[in-house]
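K.L.:
fold the following, please.
(4 chains)
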There are 4 protein chains.
Amino acid sequence: MGLSSLVYPGSHHTRFEHALGAMYVMQKAIQVLIGKGVSITTEENEAMQIAILLHDIGHGPFSHASEKILLRGIDHEAISLSVIKQLNLEFDGRLDKAIEIFSDRYPKKFMHQLVSGQIDVDRLDYLKRDSFYTGVTEGNINTNRIITMMHVQNQNLVFESKGVHSLEKFLLARRLMYWQVYLHKTSLAAELILVKVLERFRELISTGKEELTESHVLYPLIESDAEERLPNAVLLHYLALEDADILHLLKSWINHKDTVLSKLSKQLIYRKLPKIKIQDKPFTEKQIAKKRKRLKEHERQEDHKDYFVFTGSISNQTYITDEAQILLRNKQGDPIPLASAIDYLDFNPFSKPIYRYYLCYPKT
Amino acid sequence: MGLSSLVYPGSHHTRFEHALGAMYVMQKAIQVLIGKGVSITTEENEAMQIAILLHDIGHGPFSHASEKILLRGIDHEAISLSVIKQLNLEFDGRLDKAIEIFSDRYPKKFMHQLVSGQIDVDRLDYLKRDSFYTGVTEGNINTNRIITMMHVQNQNLVFESKGVHSLEKFLLARRLMYWQVYLHKTSLAAELILVKVLERFRELISTGKEELTESHVLYPLIESDAEERLPNAVLLHYLALEDADILHLLKSWINHKDTVLSKLSKQLIYRKLPKIKIQDKPFTEKQIAKKRKRLKEHERQEDHKDYFVFTGSISNQTYITDEAQILLRNKQGDPIPLASAIDYLDFNPFSKPIYRYYLCYPKT
Amino acid sequence: MGLSSLVYPGSHHTRFEHALGAMYVMQKAIQVLIGKGVSITTEENEAMQIAILLHDIGHGPFSHASEKILLRGIDHEAISLSVIKQLNLEFDGRLDKAIEIFSDRYPKKFMHQLVSGQIDVDRLDYLKRDSFYTGVTEGNINTNRIITMMHVQNQNLVFESKGVHSLEKFLLARRLMYWQVYLHKTSLAAELILVKVLERFRELISTGKEELTESHVLYPLIESDAEERLPNAVLLHYLALEDADILHLLKSWINHKDTVLSKLSKQLIYRKLPKIKIQDKPFTEKQIAKKRKRLKEHERQEDHKDYFVFTGSISNQTYITDEAQILLRNKQGDPIPLASAIDYLDFNPFSKPIYRYYLCYPKT
Amino acid sequence: MGLSSLVYPGSHHTRFEHALGAMYVMQKAIQVLIGKGVSITTEENEAMQIAILLHDIGHGPFSHASEKILLRGIDHEAISLSVIKQLNLEFDGRLDKAIEIFSDRYPKKFMHQLVSGQIDVDRLDYLKRDSFYTGVTEGNINTNRIITMMHVQNQNLVFESKGVHSLEKFLLARRLMYWQVYLHKTSLAAELILVKVLERFRELISTGKEELTESHVLYPLIESDAEERLPNAVLLHYLALEDADILHLLKSWINHKDTVLSKLSKQLIYRKLPKIKIQDKPFTEKQIAKKRKRLKEHERQEDHKDYFVFTGSISNQTYITDEAQILLRNKQGDPIPLASAIDYLDFNPFSKPIYRYYLCYPKT
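P.N.:
Purely as a prediction, here's the structure:
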C-alpha cells in the first residue's frame, strides 16, 4: 500500500499477508474448478499455488514508489521471475511448472489467467484486503461468489453468466479504489516526494557530493541500472531492502548538509507534504513558472527547483486494457464478452486509460 | 423483504428492525448537520425522528405483495399517513410537525428529503440491512461516509463533492440489489403467486362460492376497496394483519375444495413454484397460448387459466426518476448535479425505468 | 430462539438456517479429521451430514416452549428419530448409518459425539449464530479454531491441547449465553406465558368448554399425549405446525370468551408481559399468596390463579453434565481431561446444574 | 504489539491507531456519563480526551521489549508524563487538567479510572483491537455494552449490575489474550532475543569493543540510565526512535564482527528463533547446565553463554491487582464488588499473579 497509511491509518497490512491471502484464494478457486470437472493435476495444483505465492516477490520497499528509482529499468515482474528461477535452482527444478504458468507459457491458459488477468486471484485478494484495512467499504467485493462463478472453456477462464452483477461490482470497485485510495491526493504526494528524495540522493552521488561506501544499503542499486543483466549479489541486496531501511535513511537525512535532501526528507518524516493539484489537462509552462516564482531563494536554484515544483501524470490505465478478455458463459455454454452483458455501463471511457495531471508545490 | 427468504435463507429481518435502524441513521444525520451549523430545533429534531420511525407503518404483510390486493387502490404511504394522523390525535397534536415533514409541506425541504428522496435515510438503512442479511455483499454501502458528506444549501439536501465515489457506489448498489435480490426470479414468482391466491379468494367471495364471516382475518379488507375513505375499524383490522396470518390461511387453504385456491396455496407452502421466464420485450399472445395449451384440463378452464399461466412487467422505475435531485456541493459551495460529476456512467439508461417482462407457467 | 426476538429484535433466524449451518460445520470438521488421517468412508461422511442436518427436525413451533405442552411426554429427540426413520423408509434404507450415528449405536463413537456431545457441531453452530443475530458479541466463539483442533483417539473425539483457550472460551460463552440470552428474564416470561396459554386451551377442552373440531391445527396434539406410540398422522400434523399457526391462534384468542385465555393471549400479542422475579432459593408459599392477594377478583378464582401468579425453576443443567467427556490430547498423544488443564475455573459450580427460581405475577 | 506479527501476520496495527481509538472510546464514555447526569465540564471533557490520547506517548520501539533496555530504570508512564509536561509548556498550560487526571491528582477519581484502571478506556480499545487484528476472536469484548453500563458514584466509576456478564467476559478475554497472544511462546522468544541483542550491544560499548559516535541512533539512550533526571535532548532522541530504526540496526549487525551480536541478530531477522520451554516451576541449575553443555564452543564461553541459554519468569501480574476496584451498582444504587457477583470464578488464582518460568536454548 506504499504510503497510504498516511491517509488511512489502519492500512499497515503487508505484501506477505497479501501473498498468503492470494494463495488461499487460489486454493479455493482450484477446489471450485476441480468440483466442476476441470482437469487439474496434483503437480499443476502445486504449481498454481507456487506461482501466486511468489508473484509479487520482486517488489521493493514502498511498492511502486521504489520501483521507479531502484533497479531502474527492470520491472518488478522481471525481478519476481529472476527470484523464482533462483529458487528453482535451489529446489532442483520443482518450480518448473510454476515458472511456465507465471510466464504464460503453459498450454492451459486459465492457469496464468488466474495468476495474472483481468479478474485474477491477485486482484481478488488485494481489493478485498485493501478495502478492509482502509475502511473504504465501497471497494469490498464478493470474492467468494466470483470464485464460485469460475469455469474453464477451451482452457480459458470464463464466468457463469448469472454472476454478472458480481463482476460488474468487481470492475466498479477496482475503479473506485483507484481514485479513492491508490491515487489519493495525499498518498500520491507522499509517494512523489519519496521518489524525489531518492533521485536527489542519486544525483548527489553522480555529482560526487556524496560518497557511496560498499556497505551502504543503497549501494548496489544505484549502480545496478547500468547493468545489462541483474547479478545475483545485487538481487540479494535488493531483496534484503525493506520499508524500515528507507525510513531509517530518510530520518538520517533530515540533518544532511544538502538542503534539498534534508528538506524533502523532512516533508515525509514530519508529514509536511506539498500541495498537489489535479486536473484533466496538462499544466502549462506558465502555471509551473508561476509556482516556481514563489519558491524561496535556494529552492529556486536551477538544480533545485524540479524537486520543489514539479508536474506529471497519473492514469488508471491498467484498469481494463481489453475488456473482451472477461468472458461470461451463458446457459448454453457459449462464451459472451462481459461488455455486451452490461447495459448501463459506457465501456468507452472504461476501456481507455483515464489520465489526470498533477502539479506539486510547497504549501505557503 | 417479502418472500426473499425463499432464496436468501438469512433474510428474516423485519420492518420493525428497519424502522429502528432508520431512526438511528436519522439521529446520526441530524448530528452531522447540526455539527455543520445547519439550524435544526429540538422540535424539528423530534419530528424528523418520528417521521422516519413511522414512515413504513402502513405496510401490510409480505410488503409489496399484499399492497396490490389488500386495501386495493390505496397506496401504503397514504395508509401510513392515516396511521400517523390517528396517533397525532392520541398524542394531542405532538406529531403535527412530523406530519408536515412526512407530507413535504414543511418549509425546510431537506427534512422531507431525508425521509423520502433519492438518497434518503430509508434507503441508507434498508440497502445496508438487506445486503447484510442476504449476504449479497455487493450491495453494501458506506452509510457512515454518505451521512458525513451531507450538508444543506437553500434548505435542500446536498452532498460534499468529495463524497462522489460513495454516492456512485450507492446508486450502483441500489441497482444491483434490485436485480439480484428484490426482483430475483424465485422470490418474484413466489410474490406473484401470493397475489394470485389472494385474488382467487376474493373472486370466490364475489361469486358467492366462499362466505366471509365477520371474524375472518381478511373480512374488512375485501370490502374496503369499495370505500371512498378508510374507516378506522378497517384500518385497525388491517394493521393487525401479519405475515403469520397470511401463512396460516395459505396452509388452511391447502385442503380447500376450490382446486385453484388449493393448488396455488400448495405452490407456495411446499415451495413448488412455477417457472418464470424474463425477457426485454412483452410476451406475445402466441407464446402465452402455447403455454396454456400444455396446462392440465381443469387448469385450462376459462376462469382458471389466468391463475396458472400469466404475464406482466416489472421495472426498477423508482430507481432514479430525476437524477438532478442529487446535488453535490463543490469547494466553492456551488451545487452541481451528480450526473455531471460521474463520467463513466451512461445516465440515459439509468434515469429511464428499465422494464422487463415475465411469463409464469407450471413446471412440467 | 423461541421468543427471544422480543428482547433482541435481530434474532429472527430460523431452525432451518441452523440446520444448514450445522451441516456446513460438519463438512469442515470432516475435512479436518480426514486431513489428519482419521478414517471416514464416503458413506460415513454422508451419514454424518444427514444426522446433523436432521438432528433438530423434531422441534415444534417456538422451540422449547411448545415442547412442554405439545406431544407431551415425548422429547424432541425421540420425535426427530421418528421422522428420520420415516424418511429412511422413503429412501429405501439410505439413512441406516445416519440413524446408527444419531442413536449412538455406531462403533466409531466420535461420529455421534460430533452430532451430540459436550462440544458438538450443533453447539458450534448455534452459539455463533445466536451470538451474531442477538448482537451479544460476548457469546461469540472461534468455531474455526475449535474445528481445527479436533482429532480422534480410540474412536473418541479429542482436542489438541494447544486449543485449550478456545475450549475455555466455548464453555464460558455457552454459560454466558444461557444467562444473558436463553434465560433472559423477558423472553423467559414470554415463554412461560405461551405455555400457560396452551395449557389453558387444553383445560378448556378437557372441561368441555371448548370444542375441538378435526380441522383444528392443534387437534391431534391435544389427544396425542395419551398415546403409547406416535401415530404417523399425528406426527405429520405436528410437523406442519409453525410459529405462524400459534401466533395466529393467539391473535384469534384475544377476543375469546374465556377471560383467562383472552388475557394471557393479550399479554403476549400486545407485549404486556408479567413481572418476573428471579432468586437463588425457591419462593415460599407466603410470597406466592401475597402476590395472589393483589390479583383482580376474577383472576383470583381457584382455577384461574395459577395462570396469573406462578412459580418454577430454571437451570442450565444441560451445561456440563460430565466435564470429563471433553478430552485434550497433549503433544505425547495422551488424553487429559479438560478440567485438569484449566486452573482458574472452579469446576464444581460449573459441573453441577445451577438452579434459579422465578415468580411471575401481573404488573400493577 | 511488539513482535506478535511473527505469530499473527495481521497484527501490524500501531500505537498511533490505538491512541486514536482510545480517544474515540473515551468520547463515547463521556457521552454516556453526561447522558446519565454525571457532571463533566467542557474543560474536563477536553482534558479526559487529551489524557487518553497521550497516555502511551512514552512507549519506545517494540513496546515493552525496548522498555527493559532503553532509558533503563524509567518506566514508560514517567516518560509519558515528561512528554505531556513538555507539550503543556508549548500550549501555555492548556494541558494542566489533563496532567492532573493522568497523575490521579484530580478530585473526580473516575476520570483517572477511565484513563488507567481495572476496566479503563485503554484496555477497552486495545483488547478489541488486538483481538481483531490477530484473529483471536476469543478475545473480543463488547466495548459498546460495557461503556453503556458505566456510571459514577461518589466520583468513582461503577457499572450497572445488569452488565455483569459483559464484565466477566472482559476479565476472561484479558486473561485469554495474555496467554494466547501477549505471552505467546514464539513472540516471547523473539522479544527476549531482542532484549539480549540490545544488552550485548551495550556490553560491547562498556567494554570498549564498540565505539558510540554521537550520531548513533542509540547514543543518548545508552548513556541515559546513569542520569538522575531525563534531559530534554535525550527525551527527543528517544521519541524519534521507531521500530524501523531498530530493525535497520539489527540488519546491519548481521555482519558484525562480534559473533554474539551477529548470531542474535540473525535469529531475529531470519526468524530462526531459539526453543523456549515454559513450566510452572523455576528451572534448576542442573537443567540450565545441561542445555549449556550442548552449546557450540564459542557460545559456551563465559561471557557468551548467558546470551544463548537463559531463563526467567513471566507473569500476568498486572491482570487484577485488586479486584475490589471494579464495582457494580445494583438497582438500589448500592455499590457491590464484582467478585461477589460472579459465582463460578475462583477469584483466588485470578487475583494473585500467575508466574510461569521459561528456559531459552538453541534449536539443535
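K.L.:
name the SS class of the residue of the stretch 51-200 of chain A found nearest chain C, please.
P.N.:
In the stretch 51-200 of chain A, the residue that lies nearest chain C is A:Asn144 (13.0 Å; C-beta to the nearest C-beta). Backbone N, C-alpha and C define where each C-beta goes, glycine included. When classified by DSSP: H, G, I helix; E, B strand; the rest coil, A:Asn144 comes out as helix.
K.L.:
ok, it - contacts?
P.N.:
By C-beta atoms under 8 Å, 6 or more residues apart in numbering or on different chains, A:Asn144 lies in contact with A:Lys28.
K.L.:
and A:Leu221, what's its pLDDT?
P.N.:
Looking at A:Leu221, its pLDDT is 66.
K.L.:
same check, this time on A:Lys352
P.N.:
Model confidence at A:Lys352, given as pLDDT, is 67.
K.L.:
next one: A:Gln317
P.N.:
Looking at A:Gln317, the pLDDT reads 49.
K.L.:
how about the residue in the stretch 151-300 of chain A that chain B sits nearest to, phi and psi?
P.N.:
Closest residue of the stretch 151-300 of chain A to chain B, C-beta to the nearest C-beta: A:Lys169 (4.0 Å). For A:Lys169, the backbone dihedrals are phi -60, psi -40 (criterion: degrees, to the nearest 10).
K.L.:
quick check: the closest residue to it other than its chain neighbours vs A:Val164, distance?
P.N.:
Of all residues not flanking A:Lys169 in the chain, B:Glu138 sits nearest, at 4.0 Å (C-beta to C-beta, 6 or more residues apart in numbering or on different chains). Distance of B:Glu138 to A:Val164, computed by C-beta to C-beta, to the nearest Å: 11 Å.
K.L.:
what's the answer for A:Tyr8, then?
P.N.:
For A:Tyr8, the distance to A:Val164 (C-beta to C-beta) stands at 30 Å.
K.L.:
cool, and A:Asp334?
P.N.:
Relative to A:Val164, A:Asp334 is positioned 15 Å away (C-beta to C-beta).
K.L.:
A:Leu247 now?
P.N.:
Using C-beta to C-beta, one gets 44 Å for the distance from A:Leu247 to A:Val164.
K.L.:
pick out the residue of the stretch 251-364 of chain A closest to chain C.
P.N.:
For the stretch 251-364 of chain A, the residue closest to chain C is A:Lys331, as judged by C-beta to the nearest C-beta, at 26.1 Å.
K.L.:
that residue: neighbour count?
P.N.:
Counted with other C-beta atoms under 10 Å in any protein chain shown, residues neighbouring A:Lys331 total 8.
K.L.:
how near is it to B:Tyr361?
P.N.:
On the measure of C-beta to C-beta, A:Lys331 and B:Tyr361 end up 18 Å apart.
K.L.:
ditto for A:His12
P.N.:
57 Å.
K.L.:
got it, and A:Thr143?
P.N.:
From A:Thr143 to B:Tyr361 the distance is 37 Å (C-beta to C-beta).
K.L.:
swap in A:Lys281?
P.N.:
A:Lys281 sits 58 Å away from B:Tyr361, going by C-beta to C-beta.
K.L.:
which one is A:Lys185 nearest to, not counting chain neighbours?
P.N.:
For A:Lys185, ignoring the flanking residues on the chain, the nearest one in space by C-beta to C-beta, 6+ apart is A:Ile276 at 5.4 Å.
K.L.:
hang on, that neighbour in a strand?
P.N.:
Yes. Assessed by three-state DSSP, A:Ile276 belongs to a strand.
K.L.:
in terms of helices and strands, where is the residue lying closest to A:Asn255 once chain neighbours are set aside?
P.N.:
Closest residue in space to A:Asn255, ignoring its immediate chain neighbours: A:Ser262 at 6.8 Å, by C-beta to C-beta, 6+ apart. Secondary structure assigned from DSSP states H and E places A:Ser262 in helix A:259-269.
K.L.:
quick one: low-confidence parts of the stretch 1-150 of chain A?
P.N.:
A:73 (pLDDT under 70).
K.L.:
now it against chain C: closest residue?
P.N.:
Proximity of the stretch 1-150 of chain A to chain C (C-beta to the nearest C-beta) peaks at A:Gln31, 10.7 Å away.
K.L.:
what is the neighbour count of that residue?
P.N.:
Neighbours of A:Gln31 under the rule other C-beta under 10 Å: 13.
K.L.:
give the other helices and strands that whatever helix or strand it lives in contacts.
P.N.:
Here A:Gln31, judged by DSSP H and E, is contained in helix A:15-35. Contacts defined by 3 or more C-beta pairs under 8 Å, 6 or more residues apart in numbering or on different chains; DSSP states H and E place helix A:15-35 against helix A:42-53, helix A:109-115, helix A:121-134, helix A:143-148, strand A:150-153.
K.L.:
got CSV for the ones you listed, with distance to D:Lys128 too?
P.N.:
Shown next, in CSV, are the helices and strands packed on helix A:15-35 (distance: least, C-beta to C-beta, whole Å):
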stretch, distance to D:Lys128
helix A:42-53, 32
helix A:109-115, 36
helix A:121-134, 16
helix A:143-148, 25
strand A:150-153, 36
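K.L.:
and of the ones you listed, who's closest to A:Leu89?
P.N.:
Closest to A:Leu89 of those is helix A:42-53 (C-beta to C-beta; 14.4 Å).
K.L.:
tell me how far the residue nearest to A:Asn255 lies from C:Lys293.
P.N.:
Note on A:Ser262: its distance to C:Lys293, by C-beta to C-beta, is 89 Å.
K.L.:
with A:His216 instead?
P.N.:
93 Å.
K.L.:
neighbour count: those two, which is higher?
P.N.:
Just comparing A:His216 and C:Lys293: by other C-beta under 10 Å the higher neighbour count belongs to A:His216, 14 against 9.
K.L.:
please identify which helix or strand holds that one.
P.N.:
With DSSP H and E as the test, A:His216 turns up in no helix or strand.
K.L.:
quick check: phi and psi on it?
P.N.:
Dihedral angles phi and psi of A:His216 (degrees, to the nearest 10) take the values phi -70, psi 140.
K.L.:
and for A:Arg356?
P.N.:
Torsion angles, degrees, to the nearest 10, at A:Arg356: phi -130, psi 150.
K.L.:
just the pLDDT for it.
P.N.:
pLDDT, A:Arg356: 87.
K.L.:
now do the same contact list for it.
P.N.:
A:Leu183, A:Ile278, A:Gln279, A:Asp280, A:Ser313, A:Ile314, A:Ser315.
K.L.:
send the alpha carbons of stretch A:81-101 over as CSV?
P.N.:
Listed next in CSV are the C-alpha coordinates belonging to stretch A:81-101 (Å, rounded to 0.1, in the frame of the first residue of the first chain):
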residue,chain,number,x,y,z
LEU,A,81,10.8,-14.1,-12.3
SER,A,82,14.5,-13.9,-11.5
VAL,A,83,13.8,-14.8,-7.9
ILE,A,84,11.6,-17.7,-8.8
LYS,A,85,14.2,-19.0,-11.2
GLN,A,86,16.8,-18.8,-8.4
LEU,A,87,14.6,-20.7,-6.1
ASN,A,88,14.0,-23.3,-8.8
LEU,A,89,17.7,-23.9,-8.8
GLU,A,90,17.7,-24.5,-5.1
PHE,A,91,14.7,-26.8,-5.3
ASP,A,92,16.1,-28.8,-8.2
GLY,A,93,13.6,-27.8,-10.8
ARG,A,94,10.5,-28.3,-8.7
LEU,A,95,9.3,-24.9,-9.7
ASP,A,96,9.5,-25.6,-13.5
LYS,A,97,5.7,-25.7,-14.0
ALA,A,98,5.2,-22.7,-11.8
ILE,A,99,7.6,-20.7,-14.0
GLU,A,100,5.7,-21.8,-17.1
ILE,A,101,2.4,-20.7,-15.6
